[in-house]
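Colleague: Quick check, what structure comes out for this input:
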Amino acid sequence: MTGPRRDPDGELRARLREAAGVHRPDRARILARVKRGRAAEDQGAARPRLPDWVRVAGATAAVAGVLVAGGCAVASVVRDDAPARHPVAAPPGSRETGSREAGPLWSRGAVDPHSNEFWAQSNITLGTSTALTALTVELRVAQTGSVTSTGAWRSLPADDFTFTLDERDGFLVYRWTLKEGRTVPAGEWVFAGQYNHGRGGRDAGGDRYSAAATAASGPLAVRGGFTPGG
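Modeller: Next up, the predicted model:
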């Protein structure tokens, strides 16, 4: 035979009820805790807690200060690293020659700084503040000895121009002519002629360029030379 089954959960509940019946709370200790809690609240009231938005604003201002201080250095670096506005520059220590008029068309001529003792490139930078309906650009490179063309390019679309290369009167002549019905938009544009030459630094003092254009206001023209010794 087996005896009656034990009920652990029932025994636990009976013991808890018995303990609860004999427990007497310590009223003095409870009252003391309440008094201490109220005193702490009174001290906190003397030093009011800042609203959340004030704390957030303070933190934001601190972060903004750091960003502003760092931003000065970043702006300086970006400004120093920014590319030059004009894609063409004269060799170091030289001056550019060209034409700046009161009208909408201006120009600048310079020997490309990447030229070397055997090869050179002459750059014509043409600027216009209005659309051009006709344009002819001519580059004349003086035959200073063993000067032979190695090519030419322009920053405007090739299909918009007819290009010719001749040698006459002691010059290598590069000519770009805008095709009928095409236009040159306002902006800054480069026309460049490339050529080999005799070994050593070549004197570009005898080189010349010119440009004739037509705009809504009428005919326009510029001309100039190139920096010697490029």
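Colleague: Walk me through the domains of the chain.
Modeller: 11-81, 97-225 (automatic domain parsing).
Colleague: Would you single out the least confident of the ones you listed?
Modeller: If you rank the domains of the chain by mean pLDDT, domain 11-81 sits at the bottom with a mean of 49.
Colleague: now residue 198: how far from residue 109?
Modeller: 21 Å (Cβ to Cβ, to the nearest Å). For glycine as for every other residue, the C-beta is placed from the backbone atoms N, C-alpha and C.
Colleague: So for the two, which sits in the more crowded spot?
Modeller: Remark: of residue 198 and residue 109, residue 109 carries more neighbours, 27 against 12, as counted by other Cβ atoms under 10 Å.
Colleague: Who does the more buried one form a beta bridge with?
Modeller: residue 97, residue 124 (DSSP bridges).
Colleague: right, and it touches residue 126 too?
Modeller: No - using Cβ atoms under 8 Å, residue 109 is not in contact with residue 126, being 10.0 Å away.
Colleague: Residue 159 in helix, strand or coil?
Modeller: helix (DSSP: H, G, I helix; E, B strand; the rest coil).
Colleague: What residues does it make contact with?
Modeller: residue 179 (Cβ atoms under 8 Å, 6 or more residues apart in numbering).
Colleague: Just to check, residue 118 is in contact with residue 194?
Modeller: No - the criterion here is Cβ under 8 Å, and residue 118 misses it with residue 194 at 11.7 Å.
Colleague: More neighbours: the two, which one.
Modeller: Neighbours were counted for residue 118 and for residue 194 using other Cβ under 10 Å; residue 194 has more, 17 against 12.
Colleague: so which strand or helix has the more buried one?
Modeller: Secondary structure from DSSP states H and E places residue 194 in strand 187-196.
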